[in-house]
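Undergrad: below are the sequence and a predicted model for it; my questions follow.
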Amino acid sequence: MLIGKRIRDMRIEKGLSQQELGDIIGVTKVSICGYENGTRTPSLETFALLADTFGTTTDYLLGREVPIVFEDTKEYVGSISSDDIELIQEIRHYPALYDSMLKDIKRSINLINKKLR
């Protein structure tokens, strides 16, 4: 379950034990374990507390948003759907096409759109 994986990964990244995270948001270690392995679902209030504790959004925890890293090691969070990610991954299977599209993105999209009509 993506939610559980994200909670676990972010907890570990923050250097927190399940007990410590539970203490911060007011739930038991057992609850945290359940969230992480997918046998429990946090309440909306708890879910919001998790996002606040990790400094992220509920959308990110739900898998609806991914961190996007830009130049100069500045990190921004932006919305990108799983369909968008799948499209990018598929295009990258064709390196020449991918490189060509990056040279003039608008032109490439217009050509594809004309071809689909």
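TA: Perfect, thanks for sending it. The model shown is predicted, which means the values in this text are computed figures rather than measured ones. Residues are numbered from 1 along each chain as shown.

Undergrad: drop to CA atoms for contacts and neighbour counts, all remaining ones
TA: Will do.

Undergrad: mean confidence (pLDDT) on stretch 41-55, please.
TA: Taken as a whole, stretch 41-55 has an average pLDDT of 95.

Undergrad: the chain should start at 668 in everything you say after this.
TA: Will do, 668 is the new start, and the previous item becomes stretch 708-722.

Undergrad: who touches it?
TA: Taking contacts as Cα atoms under 8 Å, 6 or more residues apart in numbering, the residues outside stretch 708-722 that touch it are 674, 677-678, 681, 691-692, 701-702, 724-725, 728.

Undergrad: which of the residues you listed are buried? Put it as a PyMOL command.
TA: Those of the contacts of stretch 708-722 that count as buried under 16 or more other Cα atoms under 10 Å are selected in PyMOL with:
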select buried, resi 674+677+678+692+702+724+725+728
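
Undergrad: farthest pair within the contacts of stretch 708-722?
TA: The largest distance within the contacts of stretch 708-722, taken as Cα to Cα, falls between 701 and 724 and amounts to 20.4 Å.

Undergrad: tally of neighbours for residue 731?
TA: Applying other Cα atoms under 10 Å, we find 14 residues neighbouring residue 731.

Undergrad: brain fart, residue 695
TA: Using other Cα under 10 Å, residue 695 has 16 other residues around it.

Undergrad: element containing the nearest residue to it once chain neighbours are set aside?
TA: The shortest distance from residue 695 to any non-neighbouring residue, by Cα to Cα, 6 or more residues apart in numbering, is to residue 689 (5.2 Å). Residue 689 is part of helix 685-692 when elements are defined by DSSP states H and E.

Undergrad: so which bits of that helix are buried?
TA: Buried residues in helix 685-692 (16+ other Cα under 10 Å): 685, 687-689, 692.
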